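Q: show me the folded form of this:
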Amino acid sequence: MQHLRQLLEIENSELARLLRFSLYGLEASLNQARAEFPLDPGSKVCDEVLQELHNLLQPEPPQQNTGWEDTQDELKLNHLREAFNSDSELSYYLGNSQLQSQTDSDLWNEIQRKLLRVPEDLATSWQQRTLDLAQEVGAIADNSNLYQLPFIRDEIIYPGLSGTVQTQGLSLYQQALSHSKVAQGNASDLPAAFLFLYMNFIEIDPDLHHALKSVFSFDVISLYSKPEQRDQYIEALSDRFQRIQKAEKNTDPLSILRAWIDMDEAIHSLIFVPPAERYSWWGKLQHESRRILKKVADEAINAGNEVRIRQLSGLYADICALSKDDLQLDCGGIPGEVLTCLRVYARINQEESPGRVIFRSSR
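A: Residues are numbered from 1 along each chain as shown. The predicted model follows:
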């Protein structure tokens, strides 16, 4: 383990990146196998291996400052903090919580990640404003120093900074996904992409929650304050990914469709409080799953099945008959309306499967 950790900690190393994502794949495979074979004589040792892998794969968040930490009054970007905290339009989408970062590096990343949850036009204007305010204190955008997340495409999510403030930005990196899938074998690209993207994003964003019914059905749970819930959520996501793989091998359109409905639910159950706006970066990212789900439903229809899939939205009173075990929040959106659709409503050959939503309480 010592040499594995040494290799993982080498910056700008392709070998380190390959090792990290291969270990993520191994961790996901062992979690799945552990669930399938609970009485296996190697179960106890497997649990210990999984714990070692989990400890080994704890990455340093991209905003981590390795130098001395400034107090809030000494931060070069403190004027950016004040402007962000006082913006009422941002508060409408993000809630009233204040920025928590204690260093310029942390602050830059915290702000940029929060902007991924607001409507794209608002995010774009604020991203430019953050760059302008950073430039006033001698920091400039740097697209060469990016923390890479595995996904099906390359994309700079937001830049880092160089100059008086130095910190990494964030990007999607397709090659990292191919490294991640070494231990998985051939896999459906999008489910695998979400699995490994989420495993990494959960480690760097303490604001993430989950609302996956099969893991915990009564509330929205913080993955930062409840690490056991984080592990159970990732295990459930991995399990649903494996079920899609098995269904696609059997080539039965309805089995594939049902597996995709479950996978789509797990993808949309990774949320923020309040949930990300539909037309934000996060909202559009998660909607990629719904687009594939629609294609899978169309394939089932073309195979002679009667299929109806509906994403539930609008007034909660209008759709509550089509949903079950819904959750409510007292922040975000418009009172009485659906904040996010966790699971689609489905009707497959006269068999109904209720959807599930989070809605804003009417009070």
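Q: how far is the helix or strand hosting Asp298 from where the chain is centred?
A: Taking DSSP states H and E as the definition, Asp298 sits inside helix 281-302. With Cα atoms, centre = their mean, to the nearest Å as the basis, helix 281-302 stands 17 Å off its chain's centre.
Q: now swap in stretch 261-278 and tell me
A: 8 Å.
Q: what average pLDDT does it get?
A: What stretch 261-278 shows for mean pLDDT is 97.
Q: first to last residue in that stretch, what's the distance?
A: 19 Å (Cα to Cα, to the nearest Å).
Q: ok, which stretches of this structure are helices?
A: 2-8, 14-36, 43-56, 78-85, 88-94, 104-115, 120-136, 174-180, 189-204, 227-250, 253-268, 281-302, 316-319 (DSSP state H).
Q: for Ile152, find the nearest of those.
A: Closest approach to Ile152 among these (Cβ to Cβ): helix 189-204, 4.5 Å. To be clear about C-beta, it is placed using only N, CA and C from the backbone, and glycine gets the same treatment.
Q: if you count neighbours, what's buried in that closest one?
A: 190-204 (16 or more other Cβ atoms under 10 Å).
Q: hang on, isn't Gly160 packed against Ser171?
A: No: with contact defined as Cβ atoms under 8 Å, Gly160 does not count as touching Ser171 (9.6 Å).
Q: hey, what's in contact with both of the two?
A: Leu146 (Cβ atoms under 8 Å, 6 or more residues apart in numbering).
Q: circling back to that earlier point, closest to Thr340 out of the helices of the chain?
A: helix 253-268 (6.8 Å).
Q: so that closest one versus helix 189-204, what angle?
A: Taking axes from the mean of the first three to the mean of the last three Cα atoms, to 10 degrees, one finds that helix 253-268 is oriented at 20 degrees with respect to helix 189-204.
Q: elements contacting helix 253-268?
A: helix 189-204, helix 227-250, helix 281-302, strand 338-343, strand 345-348 (3 or more Cβ pairs under 8 Å, 6 or more residues apart in numbering; DSSP states H and E).
Q: identify the residues contacting Lys114.
A: Counting by Cβ under 8 Å, 6+ apart, Lys114 touches 90, 94, 207.
Q: and those residues, which of them are buried?
A: 90, 94, 207.
Q: quick check, nearest of these to Thr124?
A: Of all the buried ones among the contacts of Lys114, Thr124 sits closest to Leu90, with 13.3 Å by Cβ to Cβ.
Q: from Cys46, how far off is that closest one?
A: Distance of Leu90 to Cys46, computed by Cβ to Cβ, to the nearest Å: 45 Å.
Q: which parts of stretch 295-304 are buried?
A: For stretch 295-304, a neighbour-count test (16+ other Cβ under 10 Å) marks 296-297, 300 as buried.
Q: what do you get for stretch 126-139?
A: Across stretch 126-139, burial judged by 16+ other Cβ under 10 Å covers 126-127, 130-131, 133-134, 137, 139.
Q: now stretch 43-56
A: Neighbour count says stretch 43-56 has 46, 50, 53-54, 56 buried, by 16+ other Cβ under 10 Å.
Q: can you report how many residues neighbour the closest residue to Ala176 other than its chain neighbours?
A: Leaving aside its sequence neighbours, Ala176 sits nearest to Pro150 (Cβ to Cβ, 6 or more residues apart in numbering; 3.9 Å). Number of residues near Pro150 (other Cβ atoms under 10 Å) recorded here: 26.
Q: assess the claim that Pro150 and Leu197 are in contact.
A: Yes: in this structure Pro150 lies within contact range of Leu197 using Cβ under 8 Å: 5.9 Å.
Q: where does this structure dip in pLDDT?
A: Counting by pLDDT under 70, the chain contains low-confidence ranges at 1, 11-14, 17-18, 21, 25, 32, 58-73, 179-188.
Q: what residue in it is the furthest from its centre?
A: Gly304 (35.0 Å; Cα atoms, centre = their mean).
Q: now do the contacts for it.
A: Gly304 neighbours (Cβ under 8 Å, 6+ apart): none.
Q: same thing but at 10 Å, please
A: 253, 349 (Cβ atoms under 10 Å, 6 or more residues apart in numbering).
Q: returning to that earlier point: possible to save the helices and strands packed on helix 253-268 as a markdown table with distance to Ser101?
A: Formatted as a markdown table, the helices and strands packed on helix 253-268 follow (distance: least, Cβ to Cβ, whole Å):
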| stretch | distance to Ser101 |
| --- | --- |
| helix 189-204 | 13 |
| helix 227-250 | 21 |
| helix 281-302 | 20 |
| strand 338-343 | 26 |
| strand 345-348 | 40 |
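Q: of these, which approaches Tyr316 most closely?
A: Nearest to Tyr316, of those and by Cβ to Cβ, is strand 338-343 at 5.6 Å.
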